[in-house]
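> A predicted structure for the sequence below; I have some questions about it.
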Amino acid sequence: MTDPNEHLDFILRHAERLGATEVAVRLIDSRSFQHRFAKNVVTVSKQWSERKIQVFLAFQNRVASTSIQTTDRNLTEKVIKATAKVAQNSEPSPFFAGLNPERHNSAELKDAYDPKILDYVEKSGEHVNMAIQIAQENGAKRSAGVFLFGTSRIIGRTSHDISYEYRRSTYEFNIRSFVSEEASGQGLTTGVLLSKIENRIRKAAEQAGTLARLSQNPKMGSPGQYDVILSPIVAADLLGNLGSAANPLLIMMNFSPLGDKIGSQILPEFVNIYDWGNVPEGLSSAPFDFEGVNRQKTPIVEDGVLKNLIHNYSSAKLMGAKSTGNGELIDFGGSQILAPAPTNIVFDNGDHSFEELLEIESDERPVIYVTSNWYTRWTNMVESTFSTIPRDGMFLIENGEIGQPVKKLRISENLLEMCKRITAFGKDQQQIHWWEVEVPTFISSVRISDVRFTAATK
């Protein structure tokens, strides 16, 4: 097998021979495992290995990128040559001002890799069966979901004589439990360390089964204004967008509501949000970004005030700022560009128990608890208007306790206006990542007043 370090050096040399003025390459060797289950039975178990090499080429300010799945040198030469031609024939990029030229010392990275995960395959199947049983014990009749885990080795090089290497491991467990088609609940857990995984899977399964049992015989919900409690799953999908929107690329393209909000109070004073690129157990944590800049903890919102945007080297240089270690190759219009990208969005944990969130007075508005949501759609991203459909258990809160389940409601709101009405955060912080939440987000349950619900059509 070709030595990966030698192959990356070969790509760098070959690109420079073709005239590239700056080059960055990153190799990702990954090994993944997956269990899918439905109707209380594991239906698919598989494992696979993948090698991907990401290449970024610059000819002054004309740029192009590609991904390669082979270490065959002849094929690699052809791909690099074709990519160089694309860059040379492209228009100058308004978003590129060079690659990071400075070497950085290795950033501290805690709880990012568990070598035991490769020996976890047999036990993982037992944990899936355990989860199905726990969901049944808590009232579910059937459960379905997916359990994905694995490890990766990442090696990077740039033409500025910068190199880095590190290892990662991750797991993601998602379960939906059912009593009937109208009575369901979701539980999920994500992380890195196997020492915590069994208890987390137990908790996710217990939550899914309990919510499914409680959500039997839902009644039609009434459109109107409610005080709402969002579970971490829903809060991550909605409020997590504030962290992702603090991106100069999105602002320049009118895809962010934060363009003119730097220095403005956009949240209550007790809310702090970070882009934390090396947070312990973060699914996206790493010591370096694609350009070899240290990942870091960047305050996005401090005491409710929007303080900072995330940056890679180019966006920082163009805007007179400093890189925050957020340089990545991101998908854009069918290709990839080097730009700022969020890592892990982290909200400070709150100080309210879940029971206390239920008991907060509501100014005579009804109170509703939303545990899961799908199909979040932005009607106007700059104005931050959106709608989303609650799924699985949704309940009216009656006398400070979970009461009548309801169905067929949609949240139709303005994110920035809704955020001003946050009244409390729970202390049940959880990392959320699944198909509705693409950026790993650490957040707790959230209480918000005067939220608009309309009739759902699905």
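Thanks, I have it.

> and the residue nearest to Phe255 when sequence neighbours are not counted, how many neighbours?
Nearest residue to Phe255, sequence neighbours excluded (CB to CB, 6 or more residues apart in numbering): Met381, at 5.2 Å. For the C-beta atoms, the positions are set from N, CA and C on the backbone; glycine is no exception. Other residues near Met381 come to 17 when the count uses other CB atoms under 10 Å.

> what values do phi and psi take at Met381?
Backbone geometry at Met381, expressed as degrees, to the nearest 10, gives phi -70, psi -40.

> contacting residues for it?
Counting by CB atoms under 8 Å, 6 or more residues apart in numbering, Met381 touches Asn254, Phe255, Ser256, Pro257.

> tell me the confidence at it?
Note on Met381: pLDDT of 91.

> equivalent analysis for Lys110, please.
Reported pLDDT for Lys110: 86.

> got the domain ranges for the protein?
As given by automatic domain parsing, the domain ranges for the chain are 4-211, 218-458.

> could you check how far the residue nearest to Phe255 is from Asn414?
From Met381 across to Asn414, the span is 11 Å (CB to CB, to the nearest Å).

> after the helix or strand hosting Lys85, next one along is what?
Element membership of Lys85 [criterion: DSSP states H and E] is helix 73-88. Going down the chain from helix 73-88, the next helix or strand is helix 121-137, by DSSP H and E.

> what's that next one packed up against?
On a contact count with 3 or more CB pairs under 8 Å, 6 or more residues apart in numbering; DSSP states H and E, helix 121-137 meets strand 22-38, strand 41-59, strand 142-158, strand 162-180, helix 197-214.

> how big is the angle separating that helix from strand 41-59?
Relative orientation of helix 121-137 and strand 41-59, computed by axes from the mean of the first three to the mean of the last three CA atoms, to 10 degrees: 120 degrees.

> what about helix 121-137, distance to the chain center?
The chain centroid and the centroid of helix 121-137 are separated by 25 Å under CA atoms, centre = their mean, to the nearest Å.

> what is the orientation angle of it with strand 162-180?
Helix 121-137 and strand 162-180 are oriented at 30 degrees to each other (the same axes, to 10 degrees).

> give the buried residues for helix 121-137.
By neighbour count on 16 or more other CB atoms under 10 Å, the buried set for helix 121-137 is Ser124, Gly125, His127, Val128, Ala131, Ile132, Ile134, Ala135, Gln136.

> ok, and what's touching it?
So helix 121-137 is in contact with 33, 35, 37, 40, 42, 45, 47, 143, 145, 147, 149, 173, 175, 177, 187, 197-198, 201-202, 204-206, 208-209, 212, going by CB under 8 Å, 6+ apart.

> what's the mean pLDDT across that helix?
Averaging pLDDT along helix 121-137 gives 96.

> angles on the backbone of Trp276, please.
Backbone torsions of Trp276, given as degrees, to the nearest 10, read phi -120, psi 100.

> that one and Asn344 touch, don't they?
Yes. Using CB atoms under 8 Å, Trp276 and Asn344 qualify as a contacting pair, with a distance of 5.1 Å.

> joint contacts of these two?
Each of Gly282, Ser285, Phe442 lies in contact with both Trp276 and Asn344 under the rule CB under 8 Å, 6+ apart.

> among these, name the ones in helices.
Using DSSP state H to define helices, no part of these is located there.

> any chance of CSV for those residues, columns neighbour count, pLDDT and distance to Asp119?
Listed next are those as CSV, based on neighbours: other CB atoms under 10 Å; pLDDT from 0 to 100; distance: CB to CB, whole Å:
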residue, neighbour count, pLDDT, distance to Asp119
Gly282, 28, 97, 23
Ser285, 25, 97, 22
Phe442, 23, 98, 28
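
> and of the residues you listed, the nearest to Asn74?
In terms of CB to CB, no member of the shared contacts of Trp276 and Asn344 lies closer to Asn74 than Ser285, at 36.5 Å.

> residues touching the closest one, list them.
By CB under 8 Å, 6+ apart, the residues touching Ser285 are Leu109, Ala112, Arg168, Trp276, Gly277, Asn278, Val279, Arg295, Thr343, Asn344.

> mind redoing it with 6 Å?
By CB atoms under 6 Å, 6 or more residues apart in numbering, Ser285 lies in contact with Ala112, Asn278, Val279.

> tell me how far it lies from Pro440.
Counting by CB to CB, the gap from Ser285 to Pro440 is 9 Å.

> which of the three states applies to Asp428?
At Asp428 the chain is in coil, as set by DSSP: H, G, I helix; E, B strand; the rest coil.

> my read: it touches Val446, true?
No. At 10.4 Å, Asp428 does not count as touching Val446 under the criterion of CB atoms under 6 Å.

> so for these two, which residue has more residues nearby?
More neighbours surround Val446 than the other of Asp428 and Val446, with 26 against 16 (other CB under 10 Å).

> and the more buried one, its phi and psi?
Torsion angles, degrees, to the nearest 10, at Val446: phi -130, psi 140.

> now it: how far from Arg452?
16 Å.

> break down the stretch 201-350 of the chain into its strands, ranges please.
Remark: strands assigned in the stretch 201-350 of the chain by DSSP state E, counting those that start in this stretch are 219-220, 224-230, 273-276, 297-302, 305-306, 327-332, 335-340, 345-347.

> if we can go back for a sec, would you reformat the buried residues of helix 121-137 as TSV and include distance to Gln336?
Listed next are the buried residues of helix 121-137 as TSV, based on distance: CB to CB, whole Å:
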residue	distance to Gln336
Ser124	32
Gly125	36
His127	35
Val128	35
Ala131	36
Ile132	39
Ile134	41
Ala135	40
Gln136	44
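
> just these now: which is nearest Asp29?
Nearest to Asp29 among the buried residues of helix 121-137, counting by CB to CB, is Ser124 at 20.7 Å.
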